[in-house]
Each structure stands twice: as structure tokens, then as C-alpha cells.
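Asker: Below: sequence and its predicted model.
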Amino acid sequence: MMKGNFPITAFQSQQTPFYYYDLDLLQRTLEEIKAQAPEPHFHVHYAMKACVNPAVLKTICEAGLGADCVSGGEIEAALAAGIPPERIVYAGVGKADWEIKLGLHNDIYCFNAESEAELEVINALAAEMGKTARIALRVNPNVDAHTHHYITTGLDENKFGIDLSQVGQVAVLVKRLPNLKLVGLHFHIGSQITDMVPFQNLCVRINEIQEQLADKGIRVSDINVGGGLGINYEHPNHCPIADFEGYFKVFRKHLQLREGQILHFELGRSVVAPCGTLITKVLYVKKGRYKQFVIVDAGMTDLIRPALYQAFHRIENLTSKAPEEIYDVVGPICESTDVFVKDYPMSGTRRGDLLAIRSAGAYGETMASRYNLRKLPASYTSDDL
């Protein structure tokens with residue numbers, strides 16, 4: 001089993017569990033994104049919900065990416081990291097009044113609005129503040145991303161976006177609200193998508209919607225296709241960077257932009273997941289009648305994805321070269337779902353070994369909790385250790 005290159009000696013002096021971010025890999029990833037999307041009308045926004053580690057955000061900001069935010073707290077974090085307001089877009093199906101006012105006060109680029117009710121509230125709050133809010137309508141395109149149902153967002157059954165049948169009437173409504181300016185259409189079909197066909201289908205649907213709106217005399221300056229590009233969780237050492245070339249090529253080939261339109265992307269997982277690793281220590285190896293359990297000091301409180309989505313993360317024993325054995329790797333939380341992986345081949349393991357849970361840079365540290373009154377995990381970067 002090929003293992004990643006980690007500063008193991010430095011790891012051994014740190015209290016586990018903790019997150020480790022390879023900023024060199026993050027930098028290479030950002031350079032690849034810029035190389036594959038050099039067009040000035042391609043605007044890439046980082047999806048803040050994936051990871052808000054300050055060192056990670058600083059690196060992303062320095063690379064010139066904007067921010068895709070889904071809460072007021074994320075807007076504040078983006079601004080604190082130095083991301084300009086004019087490169088911040090704000091989505092979310094349930095925006096609170098204070099969050100809308102925060103966006104208006106800072107003159108963020110755009111609100112991705114999800115309902116008529118939300119549009120009326122944004123208009124009223126903008127009027128109170130003497131502002132005009134730029135609006136992109138988040139449309140539910142009813143495109144199947146063929147991914148886990150918990151992270152699918154673009155089907156009729158999902159809570160997100162405006163129904164296809166209502167887009168025209170909602171666009172007309174925006175035109176009638178004096179403190180709103182319709183600038184764009186926003187779409188997002190799901191997450192961890194590695195097959196490019198759903199993105200092609202999204203392009204076809206956007207082309208159809210643009211034609212329908214054009215028939216009503218409605219034209220927008222911005223198209224936002226969301227994010228969703230997946231990574232290779234099984235082979236992080238062989239495939240450390242996502243297929244940005246194939247991703248951007250789909251939109252160049254299949255999306256029929258109007259003259260002067262700006263195309264926005266909201267990439268999160270594909271930017272940060274590969275650079276993050278959860279480092280944990282083995283507490284016990286318990287041998288049962290049918291199973292061997294490796295019990296580690298990290299749990300679902302530190303990385304909830306396996307428990308929540310049945311997600312797979314490659315696990316490497318960094319301190320053992322013993323022949324492989326089959327284990328269930330589990331955490332210490334008092335929940336039966338606190339399992340990282342079952343029936344997993346890994347180097348022979350004993351108490352005190354360090355394990356690396358790979359590709360944990362997205363939806364890892366940012367989703368950590370204090371359930372069981374556990375401490376939140378610490379974090380370090382390749383510049384620290």
C-alpha cells in the first residue's frame with residue numbers, strides 16, 4: 001500500500017487527533033485551476049462551507065478566488081480573509097434578516113435567491129438601507145447528479161431553488177421590485193460528481209432556460225453553474241488533484257453563453273479535500289470472534305462524513321510496515337455509527353500507531369462538533385511542522 005509523504009516525526013510530538021493541511025498541494029491545486037480556467041469571464045468562487053481553516057483561506061485568497069457563502073458567518077470569514085466583497089456571492093435557502101443586511105452593508109456581488117418570499121424580504125431590507133441588491137435566481141434544474149442522495153441538490157424533490165415552471169414569473173417579479181436588480185441565474189446540482197455527463201445535462205438545461213427567458217425579453221449578465229466536482233478518495237497519492245481540465249472543458253463546449261456573459265463556478269471539495277488529513281492515534285486493538293477493531297482517538301465528532309454519508313476515506317498506518325491485516329477502524333464515541341471503515345486491509349496495527357485518514361480537507365474540520373463533550377481537533381499546516 002503506497003503511503004503519503006508526511007512529517008511523521010513532527011506528528012509524533014503533537015496531541016492527537018488533529019488536522020494537517022498540505023499547503024504545497026493546495027497551492028498546486030490552485031495553480032491548476034487557474035491554468036485550466038484562464039478566461040477573464042470565468043470567475044471561480046471558493047465554497048466556504050468546505051473548509052474555513054484560516055491558513056487555508058489565506059492561501060485561497062492570495063490565489064485570487066472569490067467566495068461562495070451560505071451564511072453570515074461565512075461572509076464575515078471571507079471578508080476577514082481579505083476576499084473582496086465584489087467577489088462574494090451569497091446562497092442559502094434560509095437567509096436570516098441580519099445575514100441579508102450584512103451582505104447589503106458590505107455590497108457583496110450577488111444574492112443567489114431561492115424563492116419569491118426571499119426576494120420580497122431582500123427588497124424590503126434593501127429599501128430600508130437605501131441599497132439595491134444584485135440578484136441571481138437559484139433555479140432547480142431537475143438534473144440528476146447521480147451521487148449520494150444526501151448531497152444531491154438539483155432535483156424537484158430537493159429543498160433548493162426555484163421550480164423550473166416558475167422561473168419566468170419570478171424573473172418578472174424581480175423586475176417589479178424597485179430595490180432589486182436581476183443580474184444572473186444560479187444552479188447547483190450536487191456534490192462529489194466525477195462523471196461529467198450530469199454537468200453536460202446541466203448545460204443543456206441552462207441553454208433551454210436562457211432561450212425561454214429571451215422569449216420574455218429577459219437577459220442576464222451572469223450564469224453561475226455552482227460546483228460539485230468530485231475527487232478520487234480511493235487513490236489520493238496517485239490522483240491528488242481533481243479533473244479540472246475535464247470539468248471546465250464541459251462548460252466551454254456545451255454551455256451557450258450570450259455575448260458578454262460572466263460564468264461563475266463555486267468549487268469547494270475539489271479545492272481543499274485532497275490537501276487535508278486527519279491524524280489519529282490507535283488507543284486499542286480489540287480482537288473479537290469475527291472482527292478485529294482498531295479503536296482510535298478520533299471519532300465522528302472530528303470527521304462525520306463516514307457516519308453521515310457512508311463516505312469512504314483511505315486510511316494509512318504511518319508507523320507500521322507489518323504485513324496487512326483486516327480491521328474495522330472505529331472511534332470512541334458512544335454511537336454505533338462511529339465507524340470510519342469496515343473490513344479494511346491495513347498494515348498490522350498496535351497501540352500507539354499513527355493513522356492518517358486521507359482526503360479530509362473538505363467537510364472535516366468545519367463539521368466537527370463537541371458531542372460527548374469532546375474537544376475540537378487542533379490543526380496544523382505544512383508550514384507549521
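Answerer: It's in.
Asker: following the longest helix along the chain, which helix or strand comes up?
Answerer: What stands out as the longest helix in the chain, according to DSSP state H, is helix 197-215. Moving toward the C-terminus from helix 197-215, the next helix or strand (DSSP states H and E) is strand 222-224.
Asker: For the chain, which segments count as helices?
Answerer: Under DSSP H, the chain gives helices at 8-12, 23-36, 54-62, 72-80, 97-105, 116-129, 167-176, 197-215, 244-254, 269-272, 305-309.
Asker: How about residues contacting the last one?
Answerer: Surrounding helix 305-309, the residues in contact under the criterion CB atoms under 8 Å, 6 or more residues apart in numbering are 148, 150-151, 300, 311-313, 335, 337-341, 360, 363-364, 367. (Each C-beta comes from the backbone N, C-alpha and C, glycine too.)
Asker: Any buried residues in it, and which?
Answerer: By neighbour count on 16 or more other CB atoms under 10 Å, the buried set for helix 305-309 is 305-307, 309.
Asker: Could I get the residues you listed in CSV, plus columns for distance to Ile193?
Answerer: Below are the buried residues of helix 305-309 laid out as CSV (distance: CB to CB, whole Å):
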residue, distance to Ile193
Arg305, 16
Pro306, 19
Ala307, 22
Tyr309, 14
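Asker: which among those gets closest to Met196?
Answerer: Set against Met196, the nearest of the buried residues of helix 305-309 by CB to CB is Tyr309 (21.6 Å).
Asker: quick one on the thing from earlier: can the helices of the chain go into TSV with extra columns for mean pLDDT and distance to Ala356?
Answerer: Output for the helices of the chain, formatted as TSV (pLDDT from 0 to 100; distance: least, CB to CB, whole Å):
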stretch	mean pLDDT	distance to Ala356
helix 8-12	96	9
helix 23-36	98	14
helix 54-62	97	18
helix 72-80	98	27
helix 97-105	98	37
helix 116-129	97	42
helix 167-176	88	46
helix 197-215	93	31
helix 244-254	98	25
helix 269-272	98	16
helix 305-309	95	15
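Asker: So, low pLDDT: which residues of this structure?
Answerer: For the chain, the stretches with pLDDT under 70 are 1-2, 144-160.
Asker: which strand in it runs the most residues?
Answerer: strand 276-287 (DSSP state E).
Asker: counting contacts, what elements does that one pack onto?
Answerer: Counting contacts by 3 or more CB pairs under 8 Å, 6 or more residues apart in numbering; DSSP states H and E, strand 276-287 packs against strand 18-21, strand 292-296, strand 354-357.
Asker: chain center to the longest one: distance?
Answerer: Read that as strand 292-296. 30 Å (CA atoms, centre = their mean, to the nearest Å).
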